[in-house]
Structure formats: structure tokens, C-alpha cells
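In: model this:
(2 chains)
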Amino acid sequence: MLDNFVEILGLHFARGDHSVFRDVNLCIPRGKITAIMGPSGSGKTTLLRLISAQLHPQGGKVLVNGVDIHSLNHSELYKMRYLMGMLFQSGALFTNISVFENVAFPLREHTKLPEDVIRNVVLMQLEAVGLRGARELMPSELSGGMAHRVALARALVFNPQLMMYDEPFTGQDPITMGVLIKLIKYLNNILGLTSIIISHDVVETLSIADYVYVIADGHIIGEGTAKQVASDKSPLVDQFIHGFADGPVPFHYPAKNYREDLQL
Amino acid sequence: MITWIESLGRIGLLFCERAGVSGLFLLRTVFRRPRIMRLFPLIVEQIYAVGVLSIIIIVVSGLFIGMVLALQGYNILERFGAVEQLGQLVALSVVRELGPVIGGLLFAGRAGSSLTAEIGLMQATEQLASMEMMAVDPLWRVIAPRFWAGVVSMPILIAIFCIIAVFGSYLVGVEWLGVDAGQFWSNMQASVNFRIDIINGIIKGLMFGIVITWIAVYQGYYVVPTAAGIGRATTKTVVYGSLAVLGLDFILTSFMLGGW
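Out: Have a look, this model is predicted:
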């Protein structure tokens, strides 16, 4: 078995004239929680979409379980996605069906399981995220944290090997954040998953990550264990980890001379 | 001058690119691996949303257009002493042109805009992306049922529009203005040809259904995922759909009358 579930080699990706990634190389070790952190707009979500082949790079390779995911045809890619689960930033629940039906959706689409089996599997998933009692609710009746937990149950219902979390802590209250941190760690250990967390919530992410990459300005600016990254003294990583308002990432957006602009 | 030619070239290239993307999008929707047994209930569900829920506006519009047509027709035909031709006038106008065209315009406004907004919102809230990540193809699961529902619903809605319009003209012409019922129906029956008028009307409905639904699902799927983007896409569906109906109607009528 390969040591790394995901390997990114020499990745180049651009949107129009704007280069998002330039020669990025990173590895996601199997069975571990890997965090990819960086300031807003640094391309963290784009990286997840490249790993899951929702986007295609201009150069380089993304190997998932040893396979170049961007070389797969449509049906091979969809088979590969059985191995993956993704928790979207918004939860991305289907708003026209209940919590139960949301979690049952992948089972109904891909299997011919009898209704009582589907019911039991869905209830077990909802029990794992503490929302068995909310099965009849519609997504519009859930709080942000509950929606994330339902989305997590849905993403895990097919027992993926790779779980990707896109900004799971953004906009959550402290209790929900605590619940999500516990769930991500617990599920990763119990189910033997490989997890990728995209986040800019430093404290929460470092508390559960086995390995951390910090990306900014189209490349990796720091990496290591949570402890190594927290003590990294390179100016950019230091500013990001400690949240300094000014530094290599300037407070001011580039502009012409202030006095000239005010016409003084 | 050079700048003007450059802009024209850019617009031309953009148009070709979008035409290509929308053409491939349609092909990928239509020729997706057939899973008829799974697709059928989804299409039925969408026929309710797209077709059944459009019936009210179709019926009310058909009724009033039939009544107005009878009123106007009666006043003109009366001058020539030919009010008994009212049934013929209304039936041919409605079945050949007004039914398909007005039905198409109403469909673009009612069902087309709703399809675009729904799919656009699914795109903006990452529901389609999450479907892809669950190895469920949104083209098969979301787009294809809506497309086929639109194609099936449109001719049926147009048929309902025509029937109701004829009934509306009967109410005004016969029941109110006193045209002889026998002459009204017999002239209509004698002048309307099943193949030339009815079948051609249905063909128009089918073509309008394909074009409007194609525009609606394409605009929704390729929406800019913001509130303003969804608004723009919805507007584009109604504008492009309506223009397509009017343009296509002229082309189809030319073919059907043997002008080309």
C-alpha cells in the first residue's frame, strides 16, 4: 500500500492571467489528518477541487491512490469518487429533501438496498454525528453547525477512504466548532480515513492536524507538524499563524501615494 | 478601425465558443448513458413542476386570447357579412401561430425562468458540486429530467392553449354575439387540416420546447454563482427564449408553407 494517498507533483493552475499555483508539490499521508492553511484567496478550495478533479490543472499531476486523477475518463473518475467524500463550506445539502433523504441520497443513487437497510444505515450515520433525532427536519430548519454535521454524515455514508473538509469551522459558534473538531478526529481514527482540512482557523486546525502545509502567493511557504509550523519564524508563516495585521501580507491593498491620492 | 475589428473578432470568437459549449452540453444531456427506469420517475416529477404548474397561466391566457380574437374577428367579418367564418378565423390563427408562439413565450417566462433560477441556485450553493463528489452526474440527475420534462410538456401545453382559445372564442362568438353554432363549428372543421395545421402546430411546440428548455438549463448550469449572476441568467433565459421562439417560428413557418 502506498504511504501517500494523494501526491501533487509540479502543479500549475491559472485562472485567465492570474496564476493560482506555480510548481506546487505536496503529499497527503495515508491515515493522517493533513491541514492546508493559508490566507483567504490563496487557492485552498481550488486545491481541493483539483484533487477531486472538479478542476483541471494546466500542468503537473495529481495522483490519488497512485492514479493520475486527471487522466481518467468520465466513468473511471466517477468510480474513483466512490473513494472520496467532501464536506463543502456551505454544507451543500439538497434543500428540497429532508435530513434523512439527504443522507440516504448516495445509497439510493448507487445501490438497490432494501428500504429497511437504507433506514438503518442512515440512522447509524446520523447517530454518529448526533442528529438521529433531526431526521425529519428540512435543511432550512437546521443551524449552520447542524447542516455541517448532516453533510458530514452524508459524505461518510459510502465509507470513503479520503475525506476532504472545506473550511469546516468557518462561521461556527465555539460549541459547534468543538463538536466538529471532535468528530473529524474521532471519525478519522475510527474509520481509518485520510483527511484533508482546508482552513484558516489556526488554533482549531493545528489542534487536530498531523501535518500542516501553509500556502500563499501560489506556492507552499511552510510545512511540518503542527508544532513545527507554530514555531516557524519565516515572516509570512509567522504573520499568518499569529495573525499580525501587517507584515509580508500588507494591510494596505496596493495603491498610489496617499498624499497624491488626496490631492494635497 | 483596428480596435473595432478586434472587438468584433472577440465577440465572434466568444459566440462560437459559447455555441460550442452549449451544443456539447445538450449532447451530453441527451446522450447520457440511458437509465430509463431511474430517469422516468424523475421526468414525471419534473413534468409536474414544469408542465402541470404552468397550466393555469396557459389556460387563462388561452381563454382571453380566444375571446379577444373572436371579438375583433366578429367586428371585422361583420363588415363583409361573413361572421359565420369566425370559427375558421380563430382556429387557423390559434393553431398555426398564436397557440405555439404565445404558449412558447409564456413557457419561457413561467417554466424557463424557474428552471434557470432553480439550477442556478443549486450551482451557487454547491449542491451540484456535492452531487459530483457523490459520484452522481448532475447532467443525468438534474439536467436531463428537466430537459425532457420541458420537451414533453411544451406541445401538450400548446394543445391545451389552442383548445381553450377555441372555447373562449365560442363563448364570445356564439354565446354572446350570436354567431350560429353549427356554422361556427362546421366552418372550423372544414378549414382546419389535421396534417398541415394540427401536426405542424405540434411540431412547432416540440421545437420550442427543445430550444426554451435547452436555453433555461444551460443558463442555470453555467450561471455566475452569485445573487446578481442568478438574476442575470434568469433574465437571459426569458429574453433569449422569447427571441428564439419568434425567430424559430418564422423559420418553421417558412418551411411549413413551402416557402423554402
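In: please report how far the residue positioned nearest the centre of chain B lies from chain A.
Out: Centroid-nearest residue in chain B: B:Gly104, 2.9 Å away (criterion: Cα atoms, centre = their mean). Distance, B:Gly104 to chain A, using Cβ to the nearest Cβ, to the nearest Å: 27 Å. Placement of C-beta: from N, CA and C, glycine included.
In: same thing with B:Pro41?
Out: B:Pro41 is 11 Å from chain A, by Cβ to the nearest Cβ.
In: now swap in B:Gly168 and tell me
Out: From B:Gly168 to chain A the distance is 36 Å (Cβ to the nearest Cβ).
In: ok, that residue touching B:Gly62?
Out: Yes: proximity of B:Gly168 to B:Gly62 meets the contact threshold set by Cβ atoms under 8 Å, at 6.7 Å.
In: still on that earlier bit, gap between the residue nearest to the centre of chain B and B:Ser61?
Out: 12 Å (Cβ to Cβ, to the nearest Å).
In: what's the answer for B:Glu78, then?
Out: Note on B:Glu78: its distance to B:Ser61, by Cβ to Cβ, is 26 Å.
In: got the CA positions of stretch B:216-229 in CSV?
Out: Only the C-alpha atoms of stretch B:216-229 are listed here, as CSV (Å, rounded to 0.1, in the frame of the first residue of the first chain):
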residue,chain,number,x,y,z
ALA,B,216,-33.0,27.5,-19.5
VAL,B,217,-31.0,24.6,-18.2
TYR,B,218,-27.8,25.9,-19.9
GLN,B,219,-28.1,29.3,-18.4
GLY,B,220,-28.8,27.7,-15.0
TYR,B,221,-25.8,25.3,-15.2
TYR,B,222,-23.3,27.9,-16.3
VAL,B,223,-24.5,30.6,-14.0
VAL,B,224,-22.1,33.0,-12.3
PRO,B,225,-22.8,31.7,-8.7
THR,B,226,-23.9,35.0,-7.1
ALA,B,227,-27.3,36.6,-6.5
ALA,B,228,-26.7,39.0,-9.3
GLY,B,229,-25.5,36.2,-11.6
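In: doesn't A:Met163 fall inside a helix?
Out: No: counting by DSSP: H, G, I helix; E, B strand; the rest coil, one finds A:Met163 to be strand, located in no helix.
In: neighbours of it, just the number please.
Out: Using other Cβ atoms under 10 Å in any protein chain shown, A:Met163 is surrounded by 22 other residues.
In: you'd agree B:Gly241 is in a strand?
Out: No: B:Gly241 is assigned helix when assessed by three-state DSSP, not a strand.
In: and it, how far from A:Gln263?
Out: 50 Å.
In: the two: who's more crowded?
Out: B:Gly241 (27 against 5).
In: what does the model give the nearest residue to the more buried one once chain neighbours are set aside for pLDDT?
Out: Nearest in space to B:Gly241, with sequence neighbours left out and distances taken as Cβ to Cβ, 6 or more residues apart in numbering or on different chains, is B:Ala108 at 3.2 Å. pLDDT, B:Ala108: 94.
In: what's the closest non-adjacent residue to residue 221?
Out: All of this refers to chain A. A:Leu236 (4.9 Å).
In: wait, chain B was what I had in mind.
Out: That would be B:Ile119: by Cβ to Cβ, 6+ apart, it lies 5.8 Å from B:Tyr221.
In: avg pLDDT for the one helix or strand the one you found maps to?
Out: If you go by DSSP states H and E, B:Ile119 is part of helix B:113-124. For helix B:113-124, the mean per-residue pLDDT is 94.
In: over to stretch A:159-173?
Out: Stretch A:159-173 comes out at a mean pLDDT of 86.
In: go through it and flag the buried ones.
Out: Judged by neighbour count (16 or more other Cβ atoms under 10 Å in any protein chain shown), stretch A:159-173 contains these buried residues: A:160-169, A:172.
In: and which of those residues is nearest B:Met256?
Out: Closest approach between those and B:Met256, by Cβ to Cβ: A:Asp166, at 53.4 Å.
In: in contact with that closest one, which residues?
Out: Contact analysis of A:Asp166 by Cβ atoms under 8 Å, 6 or more residues apart in numbering or on different chains lists A:44-45, A:48, A:86-89, A:198.
In: the residues you listed also near chain B: which ones?
Out: For chain B, the contacts drawn from the contacts of A:Asp166 by Cβ under 8 Å from any Cβ of the partner chain are A:86, A:88-89.
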